[in-house]
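# With the sequence up front, the predicted model follows.
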Amino acid sequence: MKKFSLITGSASGLGKEISKLLAKENHNLILVDINENSLKETKKEITEINKDIEIITLTYDLSNKDNLKEIYEYTKSNGYFINYVINAAGFGDREDFIKMNIDKQMKMTDVCCNALLYFSQVYLEDMLKNNEGHILNISSIAGFMPGPYMSTYHAVKSYVLFLGEAISYELRNTNIKVTTLCPGPFLSNFVKVAGNDYTFKKIKPLTSEKVALIGLKALKKGKTLKIIGFKNKLMIFAIRLAPRSLVRSISAHSLKKF
């Protein structure tokens, strides 16, 4: 079987940067995203990096479960062995809960949770059969705390965090590596989509390239969990000791100006 790396959300941001890194390592790529034009541009950029690899682009809406099955069936029918699954697709939304567009919130849940769950599971059989496999799930430091005014996003990232840790434990005696990456805010299209510029003005975020490099390195080392940044690690440790009411308040004030 021909080996391929499948990367969701690969038309921009972290997914795109991870795709570039994998291309430099001679991985054949299956790039999945809803944005067809950006996906074509990404393929063009990656081809300039490495002309010797095969690059397949699939334009799908990952909030549609039938589309998820079509992607899987496409790879299986072509006899591809997906030895890297990079679940990088996702988006956020900063809004008061009562004012949220419920359809957008449900789509966020489908993309960030259900699509990630699906791709993390369906390719495991072949990974175990071949005694080789890597799954990188993108969570966030947001997954460690509730997020008033960005409640759905924090909730889905918590789901990703707990799911990834559980899967990693179940596969601890295999050669399959499952890593959950938890960065803080980093430079990408996320802030534009989420409308969360208030938080970004208060920090100096990392670049997508830097986060991608750290994430891929952690995956190869077999790290179950990778929190990026000493300050973030310190904050998460402090959260475990602080009263929940204080955690909620601090989180809320980091997301909205009062």
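Looks like it arrived, so ask away. Numbering: from 1, shown residues only.
# can you give me the helices for the stretch 151-258 of the chain?
For the stretch 151-258 of the chain, the helices defined by DSSP state H, counting those that start in this stretch occupy 151-170, 190-194, 197-200, 208-221, 230-241, 244-255.
# Can I get the first one as PDB, trimmed to CA atoms?
It stands for helix 151-170. C-alpha atoms of helix 151-170 as PDB (Å, rounded to 0.1, in the frame of the first residue of the first chain):
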ATOM      1  CA  SER A 151     -18.000  28.700  25.500                       C
ATOM      2  CA  THR A 152     -18.400  26.300  22.600                       C
ATOM      3  CA  TYR A 153     -14.800  26.700  21.500                       C
ATOM      4  CA  HIS A 154     -13.500  25.900  25.000                       C
ATOM      5  CA  ALA A 155     -15.800  23.000  25.300                       C
ATOM      6  CA  VAL A 156     -14.800  21.400  22.000                       C
ATOM      7  CA  LYS A 157     -11.100  21.800  22.800                       C
ATOM      8  CA  SER A 158     -11.700  20.100  26.100                       C
ATOM      9  CA  TYR A 159     -13.300  17.200  24.200                       C
ATOM     10  CA  VAL A 160     -10.300  16.900  21.900                       C
ATOM     11  CA  LEU A 161      -8.000  17.000  25.000                       C
ATOM     12  CA  PHE A 162      -9.700  14.200  26.900                       C
ATOM     13  CA  LEU A 163     -10.300  12.100  23.800                       C
ATOM     14  CA  GLY A 164      -6.700  12.200  22.800                       C
ATOM     15  CA  GLU A 165      -5.300  11.400  26.200                       C
ATOM     16  CA  ALA A 166      -7.700   8.400  26.500                       C
ATOM     17  CA  ILE A 167      -6.800   7.000  23.000                       C
ATOM     18  CA  SER A 168      -3.100   7.400  23.700                       C
ATOM     19  CA  TYR A 169      -3.500   5.400  26.900                       C
ATOM     20  CA  GLU A 170      -5.400   2.600  25.200                       C
END
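# what angle do it and helix 244-255 make?
120 degrees (axes from the mean of the first three to the mean of the last three Cα atoms, to 10 degrees).
# So for helix 151-170, mean pLDDT?
Helix 151-170 shows a mean pLDDT of 98.
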